[in-house]
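Q: structure of the sequence below:
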Amino acid sequence: MTAYADTSFIVSIYVLDANSRLAAARMKRISLPILITLLGELELSNALSLRLFRKELTPFEVEAAHGLFAEDVSAGLFQPSPLAPAVYERAALIARKHTPQLGTRTLDVLHVALALTLNASTFYTFDRNQRLLAKREGLATP
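A: Prediction:
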């Protein structure tokens, strides 16, 4: 079983928030590695920077989170995966199929398309609409 995690899940692993306890519990059961793309890494970096801007984190906490994530990538918990051009075609199909009913955001559609393109079987997210979209596309969503 291959897992893909969106940014809401990954951030909760490295920054204490309302979902951190659940993210930690799920990490104990996930079949590693978790697939991640450069988009996911960019979103993680931006999410940490946004929390710094909002004064929810200190510069030290942001650097610590970046460092821990880099260590986990090196240790093989996350598997960097290429962003294939076909993902955009798949995302467009998903958007046309589901967004009229779900009101799905572009990045949510793109994450689901990435998971499918990378042949993930399980999709981890804390976003309700994204979870519903992933389920409709046949991904397991614990």
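Q: for the nearest residue to residue 80 once chain neighbours are set aside, which residues are in contact?
A: Spatial nearest neighbour of residue 80, chain neighbours left out: residue 36 (6.0 Å); criterion: CB to CB, 6 or more residues apart in numbering. (C-beta placed from N, C-alpha, C; glycine too.) If you count contacts by CB atoms under 8 Å, 6 or more residues apart in numbering, residue 36 has them with 4, 5, 10, 73, 78, 79, 80, 81.
Q: and the residue nearest to residue 119 when sequence neighbours are not counted, how far from residue 99?
A: Spatially, and ignoring its direct neighbours in sequence, residue 119 is nearest to residue 2 (6.1 Å; CB to CB, 6+ apart). Counting by CB to CB, to the nearest Å, the gap between residue 2 and residue 99 amounts to 25 Å.
Q: quick one on the thing from earlier: tell me how many other residues surround the residue nearest to residue 119.
A: 16 (other CB atoms under 10 Å).
Q: pLDDT score for it?
A: Predicted confidence (pLDDT) for residue 2: 90.
Q: what's the answer for residue 91, then?
A: Per-residue pLDDT puts residue 91 at 97.
Q: show me what contacts it?
A: Counting by CB under 8 Å, 6+ apart, residue 91 makes contact with 106, 109, 110, 112, 113.
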